[in-house]
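A.B. asks: coordinates for the following, if possible.
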Amino acid sequence: MAVDGDDLIHENLIESFRPRLRTYVAVQPVLDLLHFLEPEEKERVRQRARNDGNSAAVDVLIGAVLRKPHPAGWFQAFVDALSNAECRQAANYLRQKLPDPEVEAKNDNCMRMIDILVPSLVGMNTKEVCMHCFSRKLITKDDRDEVSTHNQGLRDAARELLKRIVRCPPGWYSEFVQILFDTEHVDLYKLMGGSSDFQISLDFETCDPGTAAGGSDKADIVLRDYQMDVAKPALEGKNIIICLPTGSGKTRVAVYITREHLDHRRAEGKTGKVVILVNTVPLVEQHYATEFHRFLKHAYKVERVSGKSMLKISFTEIVKKNDVVICTAQILENYLERSVKGEDEGVHLKDITLIIIDECHHTKKGEVYNRVMMRYLKQKNRNRMLKKEQKEIVPLPQILGMTASLGVGDATKLKTAEKNILQICANLDASQIQTGNLKNYSNEPEKKIVLVEDKEKDPFGDVIKNIMNVIHIYANLSPTSELGSQNYEQWVVQSEQQAAKEEAQEVRICMEHLRRYNDALIVSNTIRMRDAFRFLEKKHKEEMKSKTSPDEDHVINITDTERVLFNLFQDNKEELEKLSQNQSYENDSLSKLQTNVLYQFTTREDARGIVFTKMRQSAIALSHWIQENPKFGDVGVKVSYVIGGGDQSVVKPMTPAEQKDVLSKFRSGAVNLLIATSVAQEGLDIPACNFVICYGLVTNEIAMIQARGRARAKNSNYIVIEVKGSGVTEKESVNEYRVKLMTDAIARIRALDPAEYRTKIEGFQIQAILEDKMRMTTKKPAKNELPSEVKLSCRHCSKFVCTGDDIHIIEDMHHVNVSSQFRELFIQKENTALQERLLDYEMNGSLVCKDCGLKWGAMMMYRGIQCPCLNVKNFVVTIKEKKFSNYTKWRELPTKFQAFDYIEHANRLAQLSIDEEA
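C.D. replies: Next up, the predicted model:
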């Protein structure tokens, strides 16, 4: 029993340090020294390393090491293998020889700095630097040989070398900087923090990301004339909106205003507190690393917090301890609400002196920006009353809004457009809109619209439509829209939700398959038929796999309807595959795209472009098509794709880290053609392109301005290619009209008499406050249902799963089931594609319904405790006998779940372990 207890301690130890092991373990040499693993297991780890890289392989290795039953001495053998394979830092963690927390934090910063500087460091003389690193024992002989024989090119060899250097114990950073100096990499040496007289005078183990990005003292922020002009009112303390095109340096202006604001308050002996609000997680890290931290870190404390950051659990303290905080708007709103409810100290507007709102055109009804600003406007109104009563008013922060386009909403007339923009000005309490004169700095791209011919025949699409019609008849369905359209998809989604609520599982399953086929029709009209076929085949294989259990003795149920749908695809699979190979039936849009991309790369010395497309499937398929087509490779096209991080699609989203990696390669030139969904239109720091192609994607005038703004290099092109059913030609014309409408409306607003402008703004503000008051009066009390009144059932098979009493919340974010009986209802499947790891927790493995195979969520390892983490969209929710099937986020439910008590659960698990040993 004592041995079992030791094994449990060792298992928890490995799990606790898994994120560290992922950084410091090199799987190849360790495998050679792990003799208790079977050859098949070792090969599986090596295969993962070849396919997905060392970090992913470490997870598979750990899984193999932890697999029971354990051989005698397994843990010591693992530690010895790490030590003998020169993974000393990893071995030290498992021996519990932990570094000083301050040293560890500094080392983490150094690793982060290397990550930020990769685009510059890959240009080094890798062979020479590698030899010096080996002589200084930063890398092993195996490392040296692996880097020296790397056959993916010099830049990839450099990346491989950097990955191996950062595995060293603390102290490696200053050694590496000295090597850059010794090998005469002067620019890189300075970039890494080396002093100008080529003496290492800095403590490199206290490095910070952002040091490398350039100068950081006051003189380094140099604004152009137009940037200084738009900044002036803000420098005087006024609330303004800065409306400048994409790529014109709005963020740099915001940094300058921030610094001047803080300097001014410091000179007056006052405290300054600046909060920068963004609407996406990637923008938090981008603004922090490339702008605010880079220029302000020597004089002020700068921090960033997002929904993906562990720092948000102490957001109140972060605000207190830092001068500048960059965060997603929802986090600030949550903590402003906490201060009102008195749940804890929260955050108060009076403690902030400047709020900067990025992409401020989102400050309108229903948006989180507007909820933050509504608190501001209400306090401003109360201040008026306090002033009349000669009482002390509550200080409010200065407001700075930034956008590339304010938009006009649905306006078709100038007066309505003006009203829409004035409403945003009122919501932001802006005294004026600053636009600036960019004539000497901007490059307007040449615009071209490419029309296409419809397919004369579409036998591939006809087969899919026939399949869909068979399903319609089988389930007695009567669609109201054309197959292959967005309207049809909306009908499918609504019908699926209704069927789930009514427990009409046959209909619900049919709707899932119809959505799949509809997506395939859209893909075949946008990309190649073979991409549509691959998509269908992949979804079919995934669904068949979901019906298999890791436990051979357990059988997951397959309904009669599922058998009919599986067989329907199988019966048509051969014909679909054959038709998908016939290029004579391909759409004309794709050939037009090929012609235009090849033209750009053959007529420009340094072509760099973005292709915007609507669907994630399209972005991925276009990227694969270009990679497989030798014509693109012959002209130097290096393609990748970037898609969104939301989880509302049948395609796996991209993590912020994955997005960052692709965009970093695009900046460095490792990728010169980016296929992107709308995620790249707004906000993300993408270098100037010399062509932008909108491939069947036109949304509103704001998105058009943002997309066109990406093509800001000299002599650039903005190209719109028609795709069947997209209506881009008509939409583009409408958007051009709306841009003119917006420009004229802004000009009229800027020309208003200041007194008239203030009167209009105050009128909109009073109206907004009254509407909000009315809404709060008529609104049903939120979160008033008891958790026990909430019941969850499987969306697929309607099996009762749990009540709200069984759901606890970790870190105000993760909803986990704490019932011991719940574990009898699901099967855990390995799914490394889903793996997500942060400081205190990690996601690894899918949880699926034991009866029907529907994915319910993921297994979460939280500080050594396994917690089944559920996604509410996979359940039908019943509240007081009324069923709901349209919840996609837990916060939408009208109940407040209990917070997860880590100590209580840890003690319970410890007691269970003692009972088992007894």
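A.B. asks: tell me the domain ranges of this structure?
C.D. replies: Listed by the TED database, the domain ranges of the chain are 3-95, 101-192, 225-403, 446-451+587-743, 459-571, 787-917.
A.B. asks: would you map the strands across the stretch 801-918 of the chain?
C.D. replies: 807-810, 814-817, 826-829, 836-837, 841-849, 855-862, 865-870, 875-879, 882-884, 898-899 (DSSP state E, counting those that start in this stretch).
A.B. asks: go through those and name the closest to Ala85.
C.D. replies: Closest to Ala85 of the strands of the stretch 801-918 of the chain is strand 836-837 (C-beta to C-beta; 22.4 Å). Just so you know, the C-beta spots here come from the backbone N, C-alpha and C atoms, and that holds for glycine as well.
A.B. asks: what is the mean pLDDT for the closest one?
C.D. replies: What strand 836-837 shows for mean pLDDT is 42.
A.B. asks: repeat that for stretch 554-563.
C.D. replies: 86.
A.B. asks: hmm, back to that, using TSV, lay out the strands of the stretch 801-918 of the chain together with distance to Ala85 and mean neighbour count.
C.D. replies: Converted to TSV, the strands of the stretch 801-918 of the chain look like this (distance: least, C-beta to C-beta, whole Å; neighbours: other C-beta atoms under 10 Å):
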stretch	distance to Ala85	mean neighbour count
strand 807-810	35	20
strand 814-817	35	22
strand 826-829	30	19
strand 836-837	22	14
strand 841-849	24	21
strand 855-862	25	22
strand 865-870	29	21
strand 875-879	45	21
strand 882-884	54	13
strand 898-899	42	12
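A.B. asks: of these, which shows the lowest average pLDDT?
C.D. replies: Checking each of the strands of the stretch 801-918 of the chain, the one with the poorest mean pLDDT is strand 836-837, at a mean of 42.
A.B. asks: which other helices and strands does whichever strand or helix holds Ile473 contact?
C.D. replies: Of the helices and strands defined by DSSP states H and E, Ile473 is found in helix 459-475. For helix 459-475, the helices and strands in contact under the criterion 3 or more C-beta pairs under 8 Å, 6 or more residues apart in numbering; DSSP states H and E are helix 505-526, helix 529-546, helix 560-580.
A.B. asks: list the contacts of the closest residue to Thr561 other than its chain neighbours.
C.D. replies: Once flanking residues are discounted, Thr561 sits nearest to Glu506: 4.3 Å by C-beta to C-beta, 6 or more residues apart in numbering. Applying C-beta atoms under 8 Å, 6 or more residues apart in numbering, one finds that Glu506 lies in contact with Ala475, Thr559, Thr561.
A.B. asks: how about 10 Å then?
C.D. replies: Counting by C-beta atoms under 10 Å, 6 or more residues apart in numbering, Glu506 touches Tyr474, Ala475, Asn476, Ala499, Thr559, Asp560, Thr561, Glu562, Val564, Leu565.
A.B. asks: show the buried residues in these.
C.D. replies: Buried members of the contacts of Glu506, scored by 16 or more other C-beta atoms under 10 Å, are Ala475, Ala499, Thr561, Glu562, Val564, Leu565.
A.B. asks: which pair in those spans the largest distance?
C.D. replies: Top of the distance list for the buried ones among the contacts of Glu506 (C-beta to C-beta): Ala499 and Val564, 16.1 Å.
A.B. asks: and the pLDDT for the residue sitting nearest the centre point of the chain?
C.D. replies: In the chain, the centroid-proximal residue (C-alpha atoms, centre = their mean) is Pro656; its distance is 3.6 Å. Among the per-residue scores, Pro656 holds a pLDDT of 72.
A.B. asks: Gly645 too?
C.D. replies: 63.
A.B. asks: so where's the stretch 101-250 of the chain shaky on pLDDT?
C.D. replies: 150-153, 194-220 (pLDDT under 70).
A.B. asks: let me see the ranges of the helices in it.
C.D. replies: Remark: helices assigned in the stretch 101-250 of the chain by DSSP state H, counting those that start in this stretch are 101-121, 126-135, 141-148, 154-165, 172-182, 186-191, 225-235, 250-267.
A.B. asks: out of those helices, which is closest to His35?
C.D. replies: Using C-beta to C-beta, these put helix 141-148 closest to His35, at 18.2 Å.
A.B. asks: so which elements touch that closest one?
C.D. replies: Helix 141-148 sits against helix 27-33, helix 126-135, helix 154-165, with contacts defined as 3 or more C-beta pairs under 10 Å, 6 or more residues apart in numbering; DSSP states H and E.
A.B. asks: kindly recompute the last result at 7 Å.
C.D. replies: With contacts taken as 3 or more C-beta pairs under 7 Å, 6 or more residues apart in numbering; DSSP states H and E, helix 141-148 sits against helix 126-135, helix 154-165.
A.B. asks: what angle sits between the longest one and helix 141-148?
C.D. replies: So the one you mean is helix 154-165. For helix 154-165 against helix 141-148, the angle by axes from the mean of the first three to the mean of the last three C-alpha atoms, to 10 degrees is 160 degrees.
A.B. asks: same thing with the first one?
C.D. replies: Orientation note: helix 126-135 sits at an angle of 180 degrees relative to helix 141-148 (the same axes, to 10 degrees).
A.B. asks: return the distance of helix 126-135 from the chain's centre.
C.D. replies: The chain centre lies 36 Å from the centre of helix 126-135; the measure is C-alpha atoms, centre = their mean, to the nearest Å.
A.B. asks: tell me the contacts of Tyr641?
C.D. replies: Residues near Tyr641 by C-beta atoms under 7 Å, 6 or more residues apart in numbering: Ala619, Ile620, Ser623, Ile675, Ala676.
A.B. asks: in what helix or strand does it lie?
C.D. replies: strand 639-642.
A.B. asks: tell me the first helix or strand C-terminal of that strand.
C.D. replies: Strand 639-642 is succeeded, C-terminally, by helix 656-668 (DSSP H and E).
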